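Peer 1: What follows is a predicted protein model with its sequence.
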Amino acid sequence: MDRLRKKVRNLLKDGKVAGYLGYIMKDGHPLPHLFTPERPEEVDQAIVAPGDARYPLDKLLQQLTSGYPDATFAIQVRGCDERGLNELYKWGQLDPEKVVLVGVACPQDQADYCECAGPWPSVIDSGDKCAPVLRSLRVDRIDALSGEAAFQEWMGAFNKCIKCYGCRDICPMCFCKECALEHPDLMSTGKVPPDSIFQLVRAIHMAGRCIDCGLCEENCPADIPLRVLYKKGNALVKDLFDYDTGSLTTGLSPWKFLGEESGMETKPM
Amino acid sequence: MAEKEYEAKIIGFFCNWCTYAGADLAGVSRLQYPANIRVIRVMCSGTVSPHHVLRAFQKGADGVLIGGCHIGDCHYLKGNYMTIKRMTFLQDLLKFTGFEDGRLHLEWISAAEGPKFAQVIREFTEKIKKMGPSRLKIAPKAA
Ligand code: SF4
Ligand code: SF4
Ligand code: SF4
Ligand code: FES
């Protein structure tokens, strides 16, 4: 923690950033907080959020920069948060020149729980690298089911949905001004549970965009295994288009361009 | 078999410049094909969003057929590059969730391919009839 606080203090002191978006311990609660040069003493309370108290800082950063488009901010990032920033740069939602990383490596239990293939960011100011988890057993388990069994399982989960939109609202990658989930021509209105395609529509939108932070699933009051669905979406985008979601070296999302050629073949009937 | 055949409901999203014209040709050539298909004409197969496909299934379609120009022949040059990306992805996602990927099919049919059009419609209708009503349609509603 000392290492992280020292870096933040220096950033604020040198005037390199207008603020640092991180976490503070307040009355025993870890909360997201914007640390500013005007109140350097607060940095003594700066913390790394525990794994079960994460917030979508990337989303808060987008709100901040829309109010202060010229300012540079530092932000605490885990591996997933950095992937999120990378993807947001590509979608034109944030300017990489105006973001400074304060990196946190996740502990092994977090990576195991997340089934995370990239549990640390490119800059580490707290924690140590652990072993990445390269396969998702949760996805494998569904893949191994028969179609009928998979359908029963997903329908059982989807039917619990109370249409609170919490999954969308917490998602750092959901930045659209108009949302297909609320489009009356695409989704029935006034219905709980919503149409069975509700989660599929979101899954389509998240493919190549979801950076697998898992906040949606943790936030879902109906305990729908949303992360499994989006993990699969990203795996498909990787298989079909060789796209690594959240990587800076893999070009643009396949949904953002048509391509020079199309080598794909239609599936046989 | 004595069982009564299931009257499948199939939605076709056909590109104005190729498959829709192919349907026309099949028509004037008096080629026979089953009448289970309801056609929605679009200006390019690339305008068909996965939303439209999912919405069709939600509303009771047993099958969805997308018809577009062959690669290289799209009137908007590369619209169908996106069609095949989207539909391939959607087929795989439907499979993962047990929604039966085989109910969504993409076929390139040009304006000159009247016989191919009739044949694709016949085969796809046959296949969907055999599959019966979609799982989504017969799924029990939540209590
Ligand atoms: S997905 Fe989980 S393990 Fe991976 S970086 Fe984020 S919090 Fe850490
Ligand atoms: S895991 Fe959920 S909240 Fe996180 S980016 Fe993916 S869809 Fe959004
Ligand atoms: S958070 Fe869960 S219950 Fe709420 S809309 Fe999303 S899937 Fe449905
Ligand atoms: S115009 Fe026919 S597929 Fe684009």
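Peer 2: On my side now, so go ahead. Keep in mind that what you see is a predicted model, and the values were worked out from it rather than measured. Numbering: from 1, shown residues only, chains lettered A, B, ... in the order given. Ligands and ions are numbered 1, 2, ... in the order given.

Peer 1: so residue A:143 makes contact with residue B:96?
Peer 2: Yes - under the criterion of C-beta atoms under 8 Å, residue A:143 makes contact with residue B:96 at 7.0 Å. All C-beta atoms are positioned from the backbone trio N, CA, C, and that covers glycine.

Peer 1: Can you check which residues contact both of those two?
Peer 2: Shared contacts of residue A:143 and residue B:96 (C-beta atoms under 8 Å, 6 or more residues apart in numbering or on different chains): residue A:232.

Peer 1: who's more crowded, the two?
Peer 2: In this view residue A:143 and residue B:96 are compared by other C-beta atoms under 10 Å in any protein chain shown, and residue B:96 has more residues nearby, 24 against 13.

Peer 1: And chain A, what are its domain boundaries?
Peer 2: A:2-114, A:137-241 (automatic domain parsing).

Peer 1: Tabulate the ones you listed in JSON lines, adding columns for distance to chain B and mean pLDDT.
Peer 2: Shown next, in JSON lines, are the domains of chain A (distance: least, C-beta to the nearest C-beta, whole Å; pLDDT from 0 to 100):
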{"stretch": "domain A:2-114", "distance to chain B": "17", "mean pLDDT": "97"}
{"stretch": "domain A:137-241", "distance to chain B": "3", "mean pLDDT": "97"}
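
Peer 1: These: which one's closest to ligand 4?
Peer 2: Comparing the domains of chain A against ligand 4 with C-beta to the nearest ligand atom, the closest turns out to be domain A:137-241 (19.4 Å).

Peer 1: Nearest to ligand 3, out of the domains of chain A?
Peer 2: It is, among those and with distance given as C-beta to the nearest ligand atom, domain A:137-241, at 3.3 Å.

Peer 1: Is ligand 3 within reach of that closest one?
Peer 2: Yes - judged by C-beta under 6 Å from any ligand atom, domain A:137-241 and ligand 3 are in contact via A:161-167, A:219-222, A:224, A:226.

Peer 1: Give me the mean pLDDT for stretch B:85-103.
Peer 2: If you average the pLDDT over stretch B:85-103, you get 96.

Peer 1: does any part of it sit near chain A?
Peer 2: Yes - Stretch B:85-103 reaches chain A (C-beta under 8 Å from any C-beta of the partner chain) through B:85, B:88-100, B:102.

Peer 1: which residues touch residue A:135?
Peer 2: residue A:115.

Peer 1: So it: helix, strand or coil?
Peer 2: Following DSSP: H, G, I helix; E, B strand; the rest coil, residue A:135 is assigned to coil.

Peer 1: distance between the longest helix along chain A and the chain's centre?
Peer 2: Ranked by number of residues, the top helix in chain A under DSSP state H is helix A:226-241. Counting by C-alpha atoms, centre = their mean, to the nearest Å, helix A:226-241 is centred 14 Å from the centre of its parent chain.

Peer 1: Not counting it itself, show me its contacts.
Peer 2: Residues contacting helix A:226-241 (C-beta under 8 Å, 6+ apart): A:115, A:136, A:138-139, A:142-143, A:167, A:199, A:202-204, A:206-208, A:210, A:212, A:214, A:216-217, A:220, A:243-245, A:253-254, A:264, B:85, B:88-89, B:92-93, B:96-97.

Peer 1: So residue 41: helix, strand or coil?
Peer 2: I went with chain A, as the question did not name one. Going by three-state DSSP: residue A:41 is helix.

Peer 1: try chain B instead
Peer 2: With three-state DSSP as the criterion, residue B:41 reads strand.

Peer 1: if I look at the residue lying closest to it once chain neighbours are set aside, how far off is ligand 2?
Peer 2: Once flanking residues are discounted, residue B:41 sits nearest to residue B:20: 5.1 Å by C-beta to C-beta, 6 or more residues apart in numbering or on different chains. Counting by C-beta to the nearest ligand atom, to the nearest Å, the separation of residue B:20 from ligand 2 is 37 Å.

Peer 1: Smallest distance to chain A belongs to which residue of chain B?
Peer 2: Nearest residue of chain B to chain A (C-beta to the nearest C-beta) works out as residue B:98 at 2.9 Å.

Peer 1: Can I get the helix or strand bottoming out on mean pLDDT in chain B in PDB, CA atoms only?
Peer 2: Of all helical and strand segments in chain B, the minimum by mean pLDDT, DSSP states H and E falls on helix B:135-138, at a mean of 86. Presented in PDB, the C-alpha positions along helix B:135-138 are these (Å, rounded to 0.1, in the frame of the first residue of the first chain):
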ATOM      1  CA  ARG B 135     -37.700 -24.700 -27.900                       C
ATOM      2  CA  LEU B 136     -38.300 -21.000 -27.200                       C
ATOM      3  CA  LYS B 137     -41.900 -21.400 -28.200                       C
ATOM      4  CA  ILE B 138     -42.600 -24.400 -26.100                       C
END
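
Peer 1: Let me know whether it sits next to chain A.
Peer 2: Yes - Helix B:135-138 reaches chain A (C-beta under 8 Å from any C-beta) through B:135-136.

Peer 1: Tell me the buried residues in that helix?
Peer 2: Residues of helix B:135-138 classed as buried by neighbour count (16 or more other C-beta atoms under 10 Å in any protein chain shown): B:135-136.

Peer 1: Quick check: end-to-end length of stretch A:255-269?
Peer 2: 25 Å (C-alpha to C-alpha, to the nearest Å).

Peer 1: Contacts for it next, please.
Peer 2: In contact with stretch A:255-269 (C-beta under 8 Å, 6+ apart) are residues A:90-91, A:207-208, A:240, B:71, B:78-82, B:84-85, B:88, B:91, B:102, B:105-108, B:120, B:123-124, B:127.

Peer 1: helix or strand for residue A:218, which one?
Peer 2: helix A:215-219 (DSSP states H and E).

Peer 1: gap between that helix and the chain center?
Peer 2: 10 Å.
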